[in-house]
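[1] Whatever this is, show me its structure:
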Amino acid sequence: MLLLANILHTVLRVYTFIVIIKVILSYFLSPYHPIREAIDRLVDPLLDPIRRRLPPVGMFDFSPLVLIIIIQVVDSLLTQILLMFY
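    Below you'll find the predicted structure:
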């Protein structure tokens, strides 16, 4: 179970960094750039439901921040649950 908890923790951390990279690249790259399109395909399926429920705040998109918080909570909960069985 310890190995599974470590793998899950690593995967969720990598996904968090991918979300951060998406936000940074959105300022510099065109939406049609191949790298940005690939990252968007990874992140947008989780961001879209948050964007639908989160009211817009001016021109700022807080959905990546909400997604990162959700990932951190899920990471913490699942790690604790898996470590309970260790």
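[2] Tell me where the longest helix sits in the protein.
    Counting by DSSP state H, the longest helix found in the chain is helix 2-28.
[3] ok now the next helix or strand after it, how far from the chain's centre?
    Once helix 2-28 ends, the next helix or strand along the chain (criterion: DSSP states H and E) is helix 34-53. Helix 34-53 has its C-alpha centroid displaced from the chain centroid by 9 Å (Cα atoms, centre = their mean, to the nearest Å).
[4] can you pull the buried residues of helix 34-53?
    Residues of helix 34-53 classed as buried: 36, 39, 40, 43, 47, 50 (neighbour count, 16 or more other Cβ atoms under 10 Å). In short, each C-beta sits where N, CA and C put it, glycine included.
[5] Give the burial count for residue 62, as a bare number.
    For residue 62, the neighbour count with other Cβ atoms under 10 Å is 13.
[6] ok, residue 67 - contacts?
    19, 43, 46, 47, 50 (Cβ atoms under 8 Å, 6 or more residues apart in numbering).
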